[in-house]
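Novice: the sequence isn't on hand, but the structure is:
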């Protein structure tokens, strides 16, 4: 059965920041230079081809865009202006929006207004929560200090409520992400597929998911290992923070000031340093625009970096102010921190750039499953 | 007796003769037994020439022309090839060893190949020994 | 009758996304004096679409539309469509195409004015802009003695006119002399070229000047004064008998230019055995005497008294000529600029020119394909004693069709690569041969048939260019995408041949400066008119031929060589030559336009 | 043709002799029919073994140059032929090699594909009807009761007359056309200006094709050679154009194209034209040109259809050809 | 023939020969041979004193044959021929023995090399005895030129020659000049106007005082040879006009392939499937509309129609890719919203500025689709009512590996350029052959792309093979150069060492006719003999060896000369020195 070429798809794709893919004349250099492209999972060229021809179904069932870590070698060696790396990046945005059933992802990616509005909305809600709701529930900000001379954080941000909120937020995000991943799974493994994958393979290869999440071994195959390192620092910092904040909040958000070598502080410092280092590389890269991968920045890229930076810096500020007994500053930075963090988690993780933290390892997993697929 | 074979070679002017010259300008070394006759085109080489060379005592006859498709006169070398094939069949019937008649294509840049060819052919002729054609024919004539 | 039809001028100034450098303000001010011009519109004025242009035609009552700009053809169809909708004659959409007449720079404004004026008055520019004639000196200078220069020289000399054939190197023959076989007929380059070289040498009307460079060209068309630097050979061409005794005795070595550096030659040498003139020359850079003041082994060995003079100096000579043909040729792309392919790092990554020598029966290995190896002194050379490769890969488009290097297509690489594949299998029937290509450009007579033939010979022809060459276990590792089979191919081969593209030769820029002829994109010499005068230039009496105008294969080069000669012979027969187009004053063109439009 | 020969005074002395011959040449003399009377009227036949009883010793007794014309037919195969050739040479003013055998070796000349030993072996050992357990061979001398017999020695090679003695003129043909003989005889008898010695007489300058009535074009490209029985001859197109090898273009005219008129290709009994020394070599060259193929394999295939080139191209001329005989070591 | 008096000169070439060949021994050995008057050695025969020595001896010793044993005749034969000519001997009574390149430089045994030199000199002595004086010949050239075909190549060639002040007859089959180019709208890659380009050329040709234009005319009965042709021009009038001219340029062009042969494309069946030539006119008219008068929303351009195909024509038409790219630019200008599909096999943007044009064109939202027509041709079929398009193209897309269907409202077929079938007679009459693809065959595919094997006949432009405008123009000028040079000389030298047929021996078997690649031999019915046109003959000698009657002589390479050479080589072979 032949598939219909759909030139109209261009109008959709173009909203995700995709440049002029028609410049590609199919020399094959990009696929050849890419260390991650392999038998059965050829990219970027083949994906560019699908875009050029508007083969929507084939595009949406592609796992390859997630296998790309954007080292930029393809764009560097591209003899035309096709910029394959950026096209893959854009394609990930498109796919993210496709996995998302709420439709919000597409809105966020294609409309800056929508994205900013939601960020501001969530931020406003956070501010209202701290200034109006929590006080009304009896949690007031106090200038009193703890015995150690630290700020009493729990007074205005009661740990149990914040924890409930964290868990709720994590639940929402997880629900969205998992449902999206299921859709991703459906697109990649099931939909219109002529092959099937046995349950045993699913189980056997599951370790890949964890392994890839933790280490990103694929990324390390890119020729320039520095990117992998900075990304891994960022990722690990972020993950530690996320786990600590959501799962171990009571242990983390304490009023007691532990010694510097205490695991709580060490973990926090490590996470912060990792985050800041990774962010620094990204920000400087995007500003200097020397490396190919940083040459084209979509609004969503900038927003993500900025918000993460703000989250990290406000987090640091909370810490500094808290242990130095500066209640007002702590209060303000805490609210600011939450006003950045919450929209970031709620928007970036399920709907936007941050979702790749789930899609990538799953994509590796799915790709592995596809290798063991047998005809139906 | 120390056998010194004589090989008469017919070379076309444009490719083979130039190639033989190149062997010289490139100072390649080959056996001194060859005597080259220049013709404009290998298509000029008449079986009469070949047979006469044998009759006169040549131990071998070598024909060289341009590679197929390269003929300066378009197709002369093909005609040479066809005649060569026919005359080869004839001399076989006449009891002349096939090693004694050889056709090779030599281009103007194949000086080395020419030198090698001469050496190979000389070696082959040394192996088959002196030609008996002339001596056979010499005893044949009764007149004088 | 002068043109009175209501004409609208549309200035289309973007060219490839940027604005072209023509001063359209000045242009529009200039053409106001033409009564036919009703309105002028700029590209920025309003979006050029159907409705807007239709509206302008209606509101201004336009009967004729002139689109003026560097490449106005790009929007022509829109205007034709609008005219058709309006029920008007779409042929009345006229192009004033500046690019066509070499108008690229701000300084070309006068020519732009005249082109536009011609369009307005409906007079062909070629007929309005007729430069004055000057008397012509029948001698001709040809710069470059490759096949284009040789061809042009023979053509002109055969008309009984004197030709100075000036060549920078020590022999004529150019690049073609280094080739083994020529595609697609596979006839040997030497077989067909050397007779022409000999003909040049023996022609009574050709004065051959090797080791010469052009320093300055002064004077007017028809009477150029050319200053030439005659680099000394240090060997007397008149008395040298070409015996080669000197070379035997010479102790100094240098990489052979003719063999593309794949073998060593002596400091006193003959570029190649069939060189014309077949005389020795000394390379000052490697000569021990010239460097250290001691040696003279060649002088002692030379059987001809006073033939070698190591202390001879360069000279300057001056020639008077009427016409000049530039046939300065090309150089190949420097593969070291693409480090990913490992040229210069891995000894068995070769450029096509090196491989051409390796294949050549008169090359360093006598036509055997062998590995590059080091000689006793450590020079990397090809020697016939080395091992033979069992697998070879040919990678197309090295340095061509690539915005990072050269955007243009080099036109010959596909075919010579196919030829390589064939010759490899011819010499190494067991070898595996891979070709990596993007588009197979086998466009010429018999080329497609050749391509089909190679496909049947068992060469792996893979659509998909490779990205890099790496070394692994002593083999060269190549990774590529086989686009048609949707596969990644990782081949490990013994030898890689890079089909390097063509670039204007080192001297092109300098010559363009000396001759005052412009360069096109990519640095090639610019022709007078892309279609109708591919071998002329905007300068009177100066013609270009062969690859200095753009990459081309041998038959196209030869045709251009002859074509350039045609104009020279014509000039000589007429006894006159046109001045540069630039020399015609604008008023004169205007008068001529007036005259021509009045006749109609 | 003259009806009455003028009678020269004194009458010519004419001798006719046969070497290794089939007798056809002698018959061709008889084939002049009633004109034979004219010949006899103009010349005295002094020696003609087929018709007259005269001994060799009588001939040897003739004074030198006493015979005006000797027509020697047949090749020189043995010592007897040789001796008689030498005798007749010395006794004759004009020695004519008469017929293909004397001229070029003819059919007996095909024996040069073998040597004497091979032939003897075949004839005296191997032929199916032979019983010769002692392997007896002919002897040149044999003593019988009556005395010693001299038996002529068979040579290893077959010779043309010209290879044994000087020959003045050659009349080709197998056998020569009687009309041609009459013409030559008339010329001699009338004392007309004779051509230079060594000339071929009684034949044309041009080759057979000149007289051939078959349609000839330049369409001589051959994909396969046929032997005459392998093809339905259309009776009007040039044999070569039909793929049948015909020696016509390399064979002197004069026979009246009899074979071709009888729808059989020419085999070359009239020998080479004046400008070609070795008709076989010339014909091979021409035939080679006509082969319609460029690849070695295809050429081989086509040449494979020429079954016996040596026998075909040198059917009548092997001893006189450049190589003359097969080289047997 | 006078008794040969031969002078033999053996060159030392410094040490080059003398080191390996005992030149004095050679001179001594051959000096006593019959007819050899003197045998001398000299250090450098090619030097001026060396040549003077020969000249002096010729005069002093009344030599009538000269032999120089030195380097290769390819180097100095001309030098010595000129020298003996100076002394009053016909240059063809000279012979050279190559004892350097083919003796002293390739051997290491001095005695063997010396023997070889003796043999070679002896061969030359034997040969030169039979040399005959030959006269250099030339034919005068009629300065007029006939150009067949009034397309751009023919016109450019005509103008180039006419502008040099020489007469040109331009014969055009149709009623207008300009050929295919006049039907184009724009040219690639600079998109300049073809009409604006060609019209001034037409005007100049039509108004040129040196050009006689014959429209609606055909040429017939061409006869003659270089410098002296004549032919009849037939143009409807009862009396054809006879023209005389010295050179011919065939610029007969090509025609479009008829795509209705390819069933898959439905040309003729679907009204909106058009050929590239038709589409040129559609574009020029400004009305890019379907047959229903609607603006097409999808246009597909299919490349290689009839080209690069085992079934139709194997060759590439060389220009279609770029014309197609030109089309997409034009369609985009006129129909900004239209989907444009370009179905191609290899994008052959090889010309100057063409790859750049291709790169530029990719930015115009063109969907390039690749097919492999040797595997499967795209198939055009009628779309269903529900399909929202006029037709559908089904194809295997090679770059994606998918089988796809492409919605289209209009299809442009880039048709192959193929040879005219009505020009063959003309060219056959002037001795030009056709290649397998029915194009005219050039004299040499590399070094002589515009000449033919018939002197004075040139082929330019697309009749030699498909090509674009600049390449056609270059060819046209190239032919003009050659013709102007011969006209400037006033005569052309013809080969001296030609073949000739001795009528006395020629029996008319006609074996020789097809042997000649230059059609120099013809059969004369009246004489029943073949005849060599010595103007056309290039002297290869192949006919000489093909003639079974020995009627053809190859001058300077006669049987007698070569056989003597063989005898000469062999006559000393067993002698010891």
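Specialist: Arrived safely. The model shown is predicted, which means the values in this text are computed figures rather than measured ones.

Novice: low-confidence bits of the chain, can you list those?
Specialist: Looking at chain A here, since you left the chain open. A:1 (pLDDT under 70).

Novice: wait, chain C was what I had in mind.
Specialist: C:1-2, C:191, C:599-600.

Novice: domain map for it?
Specialist: Domains of chain C are assigned by automatic domain parsing as C:7-129, C:140-231+C:314-329+C:505-581, C:332-503.

Novice: most tightly surrounded among those?
Specialist: domain C:140-231+C:314-329+C:505-581 (a mean of 23; mean count of other Cβ atoms under 10 Å in any protein chain shown). Every C-beta, even on glycine, is put in place using the N, C-alpha and C of the backbone.

Novice: quick one: contacts for the residue positioned nearest the centre of chain B?
Specialist: Nearest to the geometric centre of chain B sits residue B:62, at 1.1 Å (Cα atoms, centre = their mean). Applying Cβ atoms under 8 Å, 6 or more residues apart in numbering or on different chains to residue B:62 gives the contacts B:7, B:8, B:9, B:10, B:34, B:102, B:103, B:104, B:117, B:118, B:121.

Novice: kindly recompute the last result at 6 Å.
Specialist: Neighbouring residues of residue B:62 by Cβ atoms under 6 Å, 6 or more residues apart in numbering or on different chains: B:7, B:9, B:102, B:121.

Novice: for the residues you listed, pick the one with the most neighbours.
Specialist: residue B:9 (28 neighbours; other Cβ atoms under 10 Å in any protein chain shown).

Novice: helix, strand or coil: sort out it for me.
Specialist: Under the three-state scheme (DSSP: H, G, I helix; E, B strand; the rest coil), residue B:9 adopts strand.

Novice: give the bridge partners for it, please.
Specialist: Applying DSSP bridges to residue B:9 gives these bridge partners: residue B:36, residue B:62.

Novice: in this structure it contacts residue B:34, no?
Specialist: Yes. With contact defined as Cβ atoms under 6 Å, residue B:9 reaches residue B:34; the gap is 5.3 Å.

Novice: give me the pLDDT for the residue of chain D found nearest chain A.
Specialist: With Cβ to the nearest Cβ, the shortest gap between chain D and chain A falls at residue D:295, namely 38.4 Å. For residue D:295, the pLDDT comes out at 93.

Novice: and the gap between it and residue B:81?
Specialist: Residue D:295 sits 9 Å away from residue B:81, going by Cβ to Cβ, to the nearest Å.

Novice: what do you get for residue E:190?
Specialist: Plainly put, residue E:190 is 50 Å away from residue B:81 if you go by Cβ to Cβ.

Novice: check the stretch 251-400 of chain C for the residue nearest chain E and tell me.
Specialist: Closest point on the stretch 251-400 of chain C to chain E, by Cβ to the nearest Cβ, is residue C:303, at 3.7 Å.

Novice: flag every buried residue along stretch C:577-595.
Specialist: By 16 or more other Cβ atoms under 10 Å in any protein chain shown, the buried positions in stretch C:577-595 come out as C:577, C:578, C:579, C:580, C:581, C:582, C:584, C:588, C:589, C:590, C:592, C:593.

Novice: need the contact list for the residue nearest to the third one when sequence neighbours are not counted.
Specialist: In this case it means residue C:579. Nearest residue to residue C:579, sequence neighbours excluded (Cβ to Cβ, 6 or more residues apart in numbering or on different chains): residue C:131, at 4.2 Å. Residue C:131 makes contact with C:578, C:579, C:581, C:584 under the criterion Cβ under 6 Å, 6+ apart.

Novice: repeat that for 10 Å
Specialist: For residue C:131, the contact set (Cβ atoms under 10 Å, 6 or more residues apart in numbering or on different chains) comprises C:221, C:538, C:540, C:577, C:578, C:579, C:580, C:581, C:582, C:583, C:584, C:588.

Novice: closest one of these to residue D:46?
Specialist: Nearest to residue D:46, judged by Cβ to Cβ, of the contacts of residue C:131 is residue C:577 at 93.1 Å.

Novice: wait, does the longest helix seen in chain C contact chain E?
Specialist: Longest helix in chain C, counting residues (DSSP state H): helix C:554-574. Yes. Under the criterion of Cβ under 10 Å from any Cβ of the partner chain, chain E is reached by helix C:554-574 at C:554-574.

Novice: what about residue D:146, neighbour count?
Specialist: Neighbour tally, residue D:146, other Cβ under 10 Å: 6.

Novice: hmm, residue E:345 is touching residue E:316, no?
Specialist: Yes. Applying Cβ atoms under 10 Å, one finds residue E:345 in contact with residue E:316, separated by 9.3 Å.

Novice: between the two, which contacts overlap?
Specialist: C:440, E:304, E:307, E:308.

Novice: need those in JSON lines (columns: distance to residue A:60 and secondary structure).
Specialist: Listed next are those as JSON lines, based on distance: Cβ to Cβ, whole Å; DSSP: H, G, I helix; E, B strand; the rest coil:
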{"residue": "C:440", "distance to residue A:60": "34", "secondary structure": "coil"}
{"residue": "E:304", "distance to residue A:60": "33", "secondary structure": "strand"}
{"residue": "E:307", "distance to residue A:60": "38", "secondary structure": "coil"}
{"residue": "E:308", "distance to residue A:60": "36", "secondary structure": "coil"}
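
Novice: hang on, the earlier thing: which residues are in contact with each of residue B:9 and residue B:34?
Specialist: Listed as contacting both residue B:9 and residue B:34 by Cβ under 10 Å, 6+ apart are B:20, B:60, B:62, B:114, B:117, B:118, B:121, E:102.

Novice: and chain B, which of its residues are near chain C?
Specialist: Contact residues, chain B versus chain C (Cβ under 10 Å from any Cβ): B:13-16, B:18-19, B:21-28, B:66-72, B:106-116.

Novice: now, of those residues, which are buried?
Specialist: Buried members of the residues of chain B next to chain C, counted by 16+ other Cβ under 10 Å: B:13-16, B:18-19, B:21-26, B:28, B:66-68, B:70-72, B:106-116.
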